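Trainee: turn this into a model:
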Amino acid sequence: MSTITEIANRLASLCNELKFVEAYTELYADNAVSIDPVNKNEPITGLTSLIEYENRFLANAEIHSVNVSEPIFAGSYFSLVFSMHFTAKGQGTKTVEEICVYKVEMGKIVSQQFFIG
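Mentor: Here you go, the predicted model:
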């Protein structure tokens, strides 16, 4: 079983390498939930749905750079500051910065919530 520190560091590493789907597959629980303001804060539930949502984003974006901070921990939660520079089809180039909060239970990420700055 992975510790919260190992999970947080692995997530940051995979994201910095643009391996987003691999991060979901490796680190998330089957029943994980995501709350994202881009999705009007309506929860997306289940690993399969999270991967589908990510694949739709990746199919419509050209990522230029990603920068993920060192994690901050509190109990079963950790957070990362995530910055991405990308071009979205039909929307132009954007830079998004967000605080990402994750909850870990039994060695897997069970929830994530994003706060876009």
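
Trainee: ok, and what's touching the longest strand along the chain?
Mentor: Longest strand of the chain, by residue count under DSSP state E: strand 92-105. Applying Cβ atoms under 8 Å, 6 or more residues apart in numbering, the external contacts of strand 92-105 come out as 4, 7-8, 11, 29, 64, 76-88, 109-117. The C-beta positions use only the backbone N, C-alpha and C, and glycine is treated the same way.

Trainee: next, the buried residues of the helix or strand just after it.
Mentor: Taking DSSP states H and E as the definition, the helix or strand that follows strand 92-105 towards the C-terminus is strand 108-116. Applying a neighbour-count criterion of 16 or more other Cβ atoms under 10 Å, one finds Lys108, Ile109, Val110, Ser111, Gln112, Gln113, Phe114 buried in strand 108-116.

Trainee: now do stretch 52-68
Mentor: Within stretch 52-68, the residues that count as buried by 16+ other Cβ under 10 Å are Tyr53, Glu54, Val66, Val68.

Trainee: how far is it from where the chain is centred?
Mentor: 11 Å (Cα atoms, centre = their mean, to the nearest Å).

Trainee: okay, how far is it across it, tip to tip?
Mentor: Across stretch 52-68, the terminal residues are separated by 22 Å (Cα to Cα, to the nearest Å).

Trainee: what average pLDDT does that stretch get?
Mentor: Along stretch 52-68, the predicted local confidence has a mean pLDDT of 95.

Trainee: so where's this structure uncertain?
Mentor: For the chain, applying pLDDT under 70 flags the ranges 1.

Trainee: can you read off the backbone torsions of the residue of it most remote from its centre?
Mentor: The outermost residue of the chain relative to its centre, with distances by Cα atoms, centre = their mean, is Gly90 at 23.1 Å. The phi and psi torsions at Gly90 (degrees, to the nearest 10) take the values phi 80, psi 0.

Trainee: in the sheet, who's paired with Ile44?
Mentor: Under DSSP bridges, the beta-bridge partners of Ile44 are Ser34.
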